Each structure stands twice: as structure tokens, then as C-alpha cells.
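**Student:** coords below, sequence missing:
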């Protein structure tokens with residue numbers, strides 16, 4: 001895996017650049033924020049995330065440790081792949097994006113490229129705690145009940161599949177967990193939830 005490249009910015013295009021490393025040009029996908037910082041001809045050392053797919057190997061480049069760390073957290077979120085994460089990072093400085101997630105600022109998150117209501121909610125749910133160290137302690141944080149739906153676990157999804165509305169499925173799941181043994185299987189939890197109706 002390629003973790004770092006040191007070379008010259010040969011040329012830039014929307015969403016990426018050609019980085020000349022010893023006469024070999026590497027196509028590196030970057031956020032618009034990073035591209036704006038790096039003039040053509042500049043000597044740079046870029047942190048790299050290598051994404052290997054069946055049909056391609058892609059290099060994603062970062063101008064700072066924080067940007068790379070935020071990218072790696074973003075791609076852990078369901079439905080956010082490397083390209084989507086890079087588009088998201090094009091919407092502002094890494095510190096701003098992390099602060100919006102930690103603060104539960106759904107309005108700000110929905111302004112980022114490719115982020116709708118559900119993705120914004122998922123980002124807050126999945127990353128709020130993980131990104132707390134990215135943000136200064138003085139950054140205001142929203143109360144945990146910031147219009148974000150509860151995490152969709154297996155029991156919740158099973159109850160929804162049985163036709164229960166989300167609020168009812170959430171209530172039944174909580175009751176089932178309260179009554180069932182700690183090591184109860186999903187089937188046992190569903191039975192317990194159905195008894196709680």
C-alpha cells in the first residue's frame with residue numbers, strides 16, 4: 001500500500017492532481033480544499049490512502065494529518081465511500097466539518113456536497129463521540145437528542161420488517177432488551193418484543 005508520496009504538483013484538475021514522483025505521474029484524488037492550497041509546481045509531501053477495488057487502484061491525497069484522520073473516520077460510516085468522503089471534505093476545512101458533526105449541526109452538514117438529511121444524521125450518530133478529540137473543548141455541542149433517530153440495530157430492523165412503525169419498533173426493542181437475558185439471541189429478543197405488544 002502507498003502511504004505517502006513526495007513530489008511535484010505537475011497539474012491540477014477538478015477533484016485531483018498529477019503528482020510527479022521521480023518522473024512517474026501519480027493521479028491523486030484530493031479535496032478542493034487541498035487543491036486550493038497546493039499551487040502547480042509546488043514540492044509537496046502528501047499523505048495517501050490507497051483504495052483497492054476489483055477494477056482499479058485509487059490514491060486519495062491529504063495535505064494535513066487532520067484531513068487524513070477525518071477521511072478515515074468518514075469512510076467508516078455506512079454509505080460513505082472514499083469518493084463520497086473526499087467530496088464531503090471539499091465542503092470546508094476539516095476542523096469545521098468535525099465541529100459540525102460533534103455539535104450535531106445538521107443544517108451545516110446538509111450543505112456539504114452529497115449530504116442529505118439521512119447522511120447528516122448518520123454522520124452525527126456514528127462519529128459524534130469519535131470526533132470529539134478533533135474539536136476544541138470550547139466548541140458548543142448540541143444535546144444528544146438533536147433530531148437524530150436512534151441507531152438502527154438488528155432488533156430494530158427486524159421489528160420494522162415485521163411491519164412496526166419506527167417509534168413502536170424502538171419502544172418494543174427497548175422493552176425486549178430490558179426483559180431478556182444479556183446473551184439473548186436475535187430470535188429470543190424478537191419473541192420478547194412480540195410478547196411486549
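**Tutor:** Yep, it's here. Note that this is a predicted model, so its numbers are computed, not measured.
**Student:** Strands of this structure, start to end?
**Tutor:** Counting by DSSP state E, the chain has strands at residues 4-13, 16-21, 24-29, 43-52, 57-62.
**Student:** name the helices or strands packed onto the second one?
**Tutor:** Spelled out, it's strand 16-21. Counting contacts by 3 or more C-beta pairs under 8 Å, 6 or more residues apart in numbering; DSSP states H and E, strand 16-21 packs against strand 4-13, strand 24-29. Just so you know, the C-beta spots here come from the backbone N, C-alpha and C atoms, and that holds for glycine as well.
**Student:** can you put the strands of the chain in TSV and add mean pLDDT and distance to residue 166?
**Tutor:** Below are these laid out as TSV (pLDDT from 0 to 100; distance: least, C-beta to C-beta, whole Å):
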stretch	mean pLDDT	distance to residue 166
strand 4-13	95	43
strand 16-21	96	40
strand 24-29	96	37
strand 43-52	95	34
strand 57-62	96	35
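**Student:** Residue 186 is nearest to which of these?
**Tutor:** Among the strands of the chain, the nearest to residue 186 by C-beta to C-beta is strand 43-52 (32.6 Å).
**Student:** who's in contact with the closest one?
**Tutor:** Applying C-beta atoms under 8 Å, 6 or more residues apart in numbering, the contact partners of strand 43-52 are 1-9, 19, 28, 30, 38, 57-65, 67-68, 71-72, 82.
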